[in-house]
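Participant: can't give you the sequence, but here's the structure:
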């Protein structure tokens, strides 16, 4: 998948170059989260240099992805189950990728709905499916079509 046009549009919206080539150690961390090769390829070439915010949704650099998935609720509760937080909202909700059998699924999880002690089936019922591909997610991000809150989805 060619992400160059999306990267250029985000740079134009932000008025600066927002991306950089990721460090090998950062990609190695993402590999531990079982992301698809498509997502890894994007981050290798186009890691956000800092948090990129559009319409109150924040695309995260790998350093923040690490924090969300290792230390913050709900990310650290979802990551052992194959979810990887890649973006957050101003309300503390997170957009995650779940890769299964080479297919990506994008979901939104609320920090109010996910809590310690929940079983996997309960966790999966608490996330809301947003899209089928990382490309679709990034296109919606730059197009200001992502919701700012888990509770904005009906």
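Facilitator: Right, received. Where do you want to start? Quick caveat: nothing in here was measured; it's all calculated off a predicted structure.

Participant: give me the contacts around the helix or strand of the chain with the lowest mean pLDDT.
Facilitator: Scoring the helices and strands of the chain by mean pLDDT, DSSP states H and E places helix 120-126 at the bottom, with a mean of 91. Helix 120-126 has contacts (Cβ atoms under 8 Å, 6 or more residues apart in numbering) with 77-78, 81, 109-110, 113-114, 118. In short, each C-beta sits where N, CA and C put it, glycine included.

Participant: helices or strands up against the next helix or strand after that helix?
Facilitator: Using DSSP states H and E, the helix or strand that follows helix 120-126 towards the C-terminus is strand 128-131. Helices and strands touching strand 128-131, by 3 or more Cβ pairs under 8 Å, 6 or more residues apart in numbering; DSSP states H and E, are strand 103-109, helix 134-142.

Participant: what pLDDT, on average, does strand 128-131 get?
Facilitator: What strand 128-131 shows for mean pLDDT is 93.

Participant: I'd like the numbering to begin with 21 instead of 1 from here.
Facilitator: Got it, the first residue is 21 from now on, which makes the last one we talked about strand 148-151.

Participant: partner strands of it, parallel or antiparallel?
Facilitator: strand 123-129 (antiparallel) (DSSP bridges).

Participant: so residue 55 is in which element?
Facilitator: Using DSSP H and E, no helix or strand contains residue 55.

Participant: so it touches residue 116, yeah?
Facilitator: No - judged on Cβ atoms under 8 Å, residue 55 makes no contact with residue 116 at a distance of 10.7 Å.
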